[in-house]
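A.B. asks: dropping the sequence and predicted coords here.
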Amino acid sequence: MVQALNDALRDEMKRDQRIVLLGEDIGTVGGVFRVTKGLHEEFGENRVMDTPLSEGGIIGCAIGMALNGLVPVAEIQFSDFIFPAYDQIVNELAKFRYRSGGDFVTNMVVRTPVGGGIRGGHYHSQHPEAPFIHMAGLKVVCPSNPYDAKGMLKAAIRDPDPVVFLEPKRVYRAAKGDVPDGDYIVPLEKASIVRAGKSVTVVAYGAMLYEALDAATRAEEHGVDCEVIDLRTLWPLDLETIVASVKHTGRLVVVHEAPRTCGLAAEIVTLITEKAFYYLQAAPVRVTGFDTPFPYALEMEYLPLSHRILPAVLDTVRASP
């Protein structure tokens, strides 16, 4: 995925001279995870800019660039550090199209690594999509594989509205796949059915998609056929795909590693209850992180891995009439 994201940035910077990158250590170092490796040498310091350690400053500067015709791609080194920039993102970035009656747009992307699984502890492992989904005016994306990562980053850069682009660092180098060299786009706002099934719908995204797929494989040994959906774009939600799947299976399990309370799973369960209540054969179930800070010592117990997803899937099917 690191290579795919790097390719997307290089392709887009060649295509559009207005695109600039800014963030902490993204220049000569190439970023903590090396996503921007080689771009400073290729495009120069006027287009790939190292910044001070000031997230609010990074985003504020990028907003000014966007309002003046550039297309900035700002990197926040870890999503845990994004909150000093939250005011800039939700009160400025997300509001300009609305407050100006469409006269001003903020065509920019905020890239940031998310999630646990790398022994980062509570300051380097959070998955804070919910606060950004809650604020109108932002699109929120979280790809799970290299092909989608490249195509969706390209789509995000070309989108006229601001996009918060979440990159699951647990699969930065673990997720592999063929990625075309040429130009292609993976449309935003469209989920992907990665495994067809008829017993239960399992919705996941980012690194947890692979845990959901593993649980689905193990459920097959119990005669349970899971349909697994990769959300890809978290907001705006592809509700049509989820509703159609639930109408087919009659059951729903939603997986994410963010804390449970007020997480995206709660919104999905609510929407399905509103849109497909009479098709449900069992109560929808959430399998999530816990309502605690992300731990150092019990990382694999905190994450909703397949050993926690499988019982939820089986119980949901057994609870059916």
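C.D. replies: Arrived safely, thanks for sending.

A.B. asks: tell me the helices in the stretch 101-250 of the chain, going along the chain?
C.D. replies: Assignment of helices within the stretch 101-250 of the chain using DSSP state H, counting those that start in this stretch yields the ranges 130-133, 146-158, 208-220, 239-249.

A.B. asks: now do the domain split for the protein, please.
C.D. replies: When the chain is parsed with automatic domain parsing, its domains come out as 2-171, 192-318.

A.B. asks: for Asp183, find the nearest of those domains.
C.D. replies: Among the domains of the chain, the nearest to Asp183 by Cβ to Cβ is domain 2-171 (6.3 Å). Every residue, glycine included, has its C-beta placed from N, CA and C.

A.B. asks: OK, contacts around the spatially most central residue of the chain?
C.D. replies: Central residue check for the chain by Cα atoms, centre = their mean: the C-alpha nearest the mean position is that of Cys142, 1.7 Å away. Neighbour list for Cys142: 114, 129, 166-168, 205-206, 231-234 [criterion: Cβ atoms under 8 Å, 6 or more residues apart in numbering].

A.B. asks: in stretch 64-84, what's buried?
C.D. replies: Within stretch 64-84, the residues that qualify as buried are 65-67, 70-82, counting by 16 or more other Cβ atoms under 10 Å.

A.B. asks: what angle do whatever helix or strand Ala265 lives in and helix 239-249 make?
C.D. replies: Following DSSP states H and E, the helix or strand that holds Ala265 is helix 264-276. Relative orientation of helix 264-276 and helix 239-249, computed by axes from the mean of the first three to the mean of the last three Cα atoms, to 10 degrees: 70 degrees.

A.B. asks: circling back to that earlier point, would you reformat the helices of the stretch 101-250 of the chain as CSV and include mean pLDDT and distance to Glu189?
C.D. replies: What follows is these, written out as CSV (pLDDT from 0 to 100; distance: least, Cβ to Cβ, whole Å):
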stretch, mean pLDDT, distance to Glu189
helix 130-133, 97, 13
helix 146-158, 97, 9
helix 208-220, 98, 18
helix 239-249, 98, 10
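
A.B. asks: okay if I get the ones you listed as JSON lines plus mean neighbour count?
C.D. replies: Formatted as JSON lines, the helices of the stretch 101-250 of the chain follow (neighbours: other Cβ atoms under 10 Å):
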{"stretch": "helix 130-133", "mean neighbour count": "20"}
{"stretch": "helix 146-158", "mean neighbour count": "24"}
{"stretch": "helix 208-220", "mean neighbour count": "22"}
{"stretch": "helix 239-249", "mean neighbour count": "18"}
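
A.B. asks: show me the one of those that comes nearest Asn91.
C.D. replies: Each of the helices of the stretch 101-250 of the chain was scored for nearness to Asn91 using Cβ to Cβ, and the closest is helix 130-133 (12.6 Å).

A.B. asks: return the distance of the closest one from the chain's centre.
C.D. replies: 11 Å (Cα atoms, centre = their mean, to the nearest Å).

A.B. asks: rewinding a little: put together JSON lines for the helices of the stretch 101-250 of the chain, with distance to Asn107 on each row.
C.D. replies: Formatted as JSON lines, the helices of the stretch 101-250 of the chain follow (distance: least, Cβ to Cβ, whole Å):
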{"stretch": "helix 130-133", "distance to Asn107": "17"}
{"stretch": "helix 146-158", "distance to Asn107": "8"}
{"stretch": "helix 208-220", "distance to Asn107": "29"}
{"stretch": "helix 239-249", "distance to Asn107": "26"}
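
A.B. asks: looking at those helices, spot the one closest to Ile185.
C.D. replies: Among the helices of the stretch 101-250 of the chain, helix 146-158 sits nearest to Ile185 (Cβ to Cβ), with 4.9 Å.

A.B. asks: which other helices and strands does that closest one contact?
C.D. replies: helix 2-15, strand 109-114, strand 139-141, strand 163-168 (3 or more Cβ pairs under 8 Å, 6 or more residues apart in numbering; DSSP states H and E).

A.B. asks: out of these, which gets nearest to Cys262?
C.D. replies: strand 139-141 (14.7 Å).

A.B. asks: sorry, back to before: for Pro180, which of the helices and strands packed on helix 146-158 is the nearest?
C.D. replies: Of all the helices and strands packed on helix 146-158, helix 2-15 comes closest under Cβ to Cβ, at 9.4 Å.

A.B. asks: what's the first helix or strand after that closest one?
C.D. replies: Next along from helix 2-15, by DSSP H and E: strand 19-23.

A.B. asks: hey, what's the angle from that next one to strand 109-114? Just curious.
C.D. replies: If you take the same axes, to 10 degrees, strand 19-23 sits at 40 degrees to strand 109-114.

A.B. asks: toward the C-terminus, what is the element adjacent to strand 19-23?
C.D. replies: Following strand 19-23 in sequence, per DSSP H and E, is helix 39-43.

A.B. asks: so how far is that following helix from its chain's centroid?
C.D. replies: Counting by Cα atoms, centre = their mean, helix 39-43 comes out at 26 Å from the chain centroid.
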